[in-house]
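S.K.: Dropping a prediction and its sequence here:
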Amino acid sequence: AQSVSQHNHHVILSEAASLELGCNYSYGGTVNLFWYVQYPGQHLQLLLKYFSGDPLVKGIKGFEAEFIKSKFSFNLRKPSVQWSDTAEYFCAVKRGGADGLTFGKGTHLIIQP
Amino acid sequence: DAGVIQSPRHEVTEMGQEVTLRCKPISGHNSLFWYRQTMMRGLELLIYFNNNVPIDDSGMPEDRFSAKMPNASFSTLKIQPSEPRDSAVYFCASKGSSNQPQHFGDGTRLSIL
């Protein structure tokens, strides 16, 4: 069965630190990849997505992610985090031909001022 | 633009009662998804519809769960009878064509006492 692994369940950083959240998936075929963010008490919002083309994807709020096919990875990065980035971050995978998303367990990011 | 609308936002009821969660997808979207979010299991896809037709309900946990989509603008997720372990946040999401991301509603926080 397809799975999505997010290696860090909790990450605590200081403002202005650089961020990298890991995401690996197990499916070997064509995939679409997503990062969603969930601020406290809110719904999931799309940060960025990869369907095809340039494997380095830029999203909203200064986030980017790099698809490395050989490593089955889609890590999320931000060069300098802000206190307002405190949230839960979910990596998700959609297999080609299927519509539903498989989510990772999420990473709870806390930014200390 | 109106996003995905879910109701109620919060539901607290006693075990054994019937619970009905409602979702109105974004107008023009032809795919609708129901997800459940818990601390233990993260976000899980329960069922999804394409053009009002259930496509994959393999994530529905038990026969106590049922979902319907009588028309393109409305879907329900019903639990009968409800149990304490059904307590979770239930998200509805919709999307348009296959290369579009899913848009999530605010969720229904369900507590079964």
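M.R.: Thanks, I have it.
S.K.: and residue 82, how many neighbours?
M.R.: As the question left the chain open, I've gone with chain A. Counted by other Cβ atoms under 10 Å in any protein chain shown, the residues lying close to A:Gln82 total 13. Where you see a C-beta, it was placed from the backbone N, CA and C, and this is true even at glycine.
S.K.: Please refer instead to chain B.
M.R.: 23.
S.K.: The one 5 residues further on too?
M.R.: Other residues within reach of B:Ser87 by the criterion other Cβ under 10 Å amount to 16.
S.K.: ok, now the one 10 residues further on?
M.R.: The criterion is other Cβ under 10 Å. On that basis, B:Ser97 has 9 neighbouring residues.
S.K.: give the contact list for it.
M.R.: Neighbour list for B:Ser97: B:Asn30 [criterion: Cβ atoms under 8 Å, 6 or more residues apart in numbering or on different chains].
S.K.: Quick check: phi and psi at it.
M.R.: When quoted as degrees, to the nearest 10, the phi and psi of B:Ser97 stand at phi -70, psi 170.
S.K.: Within the helices and strands, which one has the most centrally placed residue in chain B?
M.R.: Residue closest to the mean C-alpha point of chain B, counted by Cα atoms, centre = their mean, is B:Trp34 at 3.3 Å. When elements are assigned from DSSP states H and E, B:Trp34 belongs to strand B:31-38.
S.K.: Quick one: residues in contact with that strand.
M.R.: Contacts of strand B:31-38 (Cβ under 8 Å, 6+ apart): A:99-101, A:103, B:23, B:25, B:43-50, B:67, B:69, B:75, B:77, B:87-96, B:102, B:107.
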